[in-house]
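> Got a predicted structure here, sequence first:
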Amino acid sequence: MTLKGHIRPIITVPDPRLKQISTPVDAITDETRALMDDMLATMYDAPGIGLAAVQIGVPKRIIVMDLAQQGEEPQPKYYVNPEILDPAETVVPYQEGCLSVPDIYDDVDRPEFCRVTYLDYNGERVTEDCEGLYAVCIQHEMDHLEGIVFLDHLSRLKRERAIKKVIKAEKLAAIA
């Protein structure tokens, strides 16, 4: 798969831009598609399985994801103005990580099932049922659109420890 986009820097905690609430996309234009291409290239480079536009400093309601297993053909998906419908009442713990919180993983309880509706890369309306990793990932990325990182689901102590680890790692990387 040949990528069209450019790799952009990913914002990490505690950057306040991650707390911005993303605004809807008015129309899917060539500029919007170029942003989605950049997001996908950035996500693959990281590497990760999901990325919200706000994580690269663009507070728009756009997500890219690819849940293909290693060795499988890439299966990129683009979500513009996504909405979660009908989340299950039953929640399950799932160990999550985040490109904006590098090398930190912890369990987060989320509904085990939901439905998502969104516009795709070409502006077509799509509605899909999500379960398992798909449900977890779409809910995690949707949180970003509301200014929430997965650490916000953890205790204050765990959240503060994680942020300190990220800051320390970035300082050490800057020195190296």
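Received, thanks.

> Quick check: end-to-end length of stretch 76-92?
Using CA to CA, to the nearest Å, one end of stretch 76-92 lies 25 Å from the other.

> buried residues in the lengthiest strand in the chain?
Ordering each strand of the chain by length in residues (DSSP state E) puts strand 101-111 first. Buried positions in strand 101-111, judged by neighbour count with 16 or more other CB atoms under 10 Å: 101-102, 104, 106, 108, 110-111. No exception for glycine: its C-beta is placed from N, CA and C like everyone else's.

> Now do Gly48: how many residues are near it, please.
Other residues lying near Gly48 total 20 when counted by other CB atoms under 10 Å.

> Check the gap between it and Gly97 for me.
Per CB to CB, to the nearest Å, Gly48 is found 8 Å from Gly97.

> Lys168 too?
With the distance defined as CB to CB, Lys168 ends up 17 Å from Gly97.

> Those two: which is more packed in?
Remark: of Lys168 and Gly97, Gly97 carries more neighbours, 15 against 10, as counted by other CB under 10 Å.

> need the contact list for Ser22.
Ser22 makes contact with 52-54, 59-62, 144-147 under the criterion CB atoms under 8 Å, 6 or more residues apart in numbering.

> Quick one: buried ones out of those?
Among the contacts of Ser22, the ones that count as buried by 16+ other CB under 10 Å are 52-54, 59-62, 144-145, 147.

> Which residues does the host helix or strand of Ile163 contact?
For Ile163, the element it lies in under DSSP states H and E is helix 156-175. For helix 156-175, contacts defined as CB under 8 Å, 6+ apart pick out 12-14, 101-104, 106, 151-152, 154.

> want to try TSV for the residues you listed, with pLDDT as columns?
What follows is the contacts of helix 156-175, written out as TSV (pLDDT from 0 to 100):
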residue	pLDDT
Thr12	96
Val13	95
Pro14	95
Val101	95
Pro102	94
Asp103	93
Ile104	94
Asp106	96
Leu151	94
Asp152	95
Leu154	92
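
> The nearest residue to Val101 once chain neighbours are set aside: neighbour count?
The shortest distance from Val101 to any non-neighbouring residue, by CB to CB, 6 or more residues apart in numbering, is to Val13 (5.4 Å). Per other CB under 10 Å, the neighbour tally for Val13 reads 23.

> Is it possible to get CSV of the contacts of Ser22 that adds distance to Thr42, secondary structure and pLDDT?
Output for these, formatted as CSV (distance: CB to CB, whole Å; DSSP: H, G, I helix; E, B strand; the rest coil; pLDDT from 0 to 100):
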residue, distance to Thr42, secondary structure, pLDDT
Ala52, 11, strand, 99
Ala53, 10, helix, 99
Val54, 13, helix, 99
Pro59, 16, coil, 99
Lys60, 14, strand, 99
Arg61, 17, coil, 99
Ile62, 12, strand, 99
His144, 14, helix, 98
Leu145, 17, helix, 99
Glu146, 21, coil, 98
Gly147, 20, coil, 98
